[in-house]
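In: Fold the following, please.
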Amino acid sequence: MNQRAQVAKDFESYRLELQEKRHRVLENLGARCDTLAGMDHVPEDDRAQISHDEFISLQRSSLDYRQLRLVDEALSRLDSGAYGECQACGHPIAVKRLRALPWARYCLACQDSAVEGTDQD
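Out: Numbering: from 1, shown residues only. Modelled structure (predicted):
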């Protein structure tokens, strides 16, 4: 079975995995927002620690939003029929790579080039 046929055969498993990842990311974002909302009335002595905690939380949220965007883009590619194709060169993304990283946008060769330019999956 060729690469494209294998990816097409596994579309539903990729879709389910992406939807589960999306759900987990949204849950994490919601839990983090609930925690920060509960810190309104904090003694002055604890504000530096809270400020640091908020900074860390914002960094994590930023990573989660980026992950959510990548997952949503992958789900859109599944719907459009472009899933499993490298967005840079148009060649198929290896099945092993998609199994490990179902939201991958690039084949391994193009990803290596993108990392050098700091654009990562």
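In: Next, the nearest residue to Ala88 once chain neighbours are set aside: secondary structure please.
Out: Nearest residue to Ala88, sequence neighbours excluded (Cβ to Cβ, 6 or more residues apart in numbering): Cys110, at 3.9 Å. (Glycine included, C-beta is placed from N, CA and C.) Classification of Cys110 by DSSP: H, G, I helix; E, B strand; the rest coil places it in helix.
In: Then Cys89?
Out: Under three-state DSSP, Cys89 falls in the coil class.
In: Tell me who's in contact with it.
Out: Cys107, Ala109, Cys110 (Cβ atoms under 8 Å, 6 or more residues apart in numbering).
In: Any figure for the gap between it and Ala109?
Out: Computed as Cβ to Cβ, to the nearest Å, the Cys89 to Ala109 distance reads 8 Å.
In: cool, Glu27 as well?
Out: Taken as Cβ to Cβ, the span from Glu27 to Ala109 is 35 Å.
In: and if you look at Val71?
Out: Noted for Val71: a distance of 23 Å to Ala109, by Cβ to Cβ.
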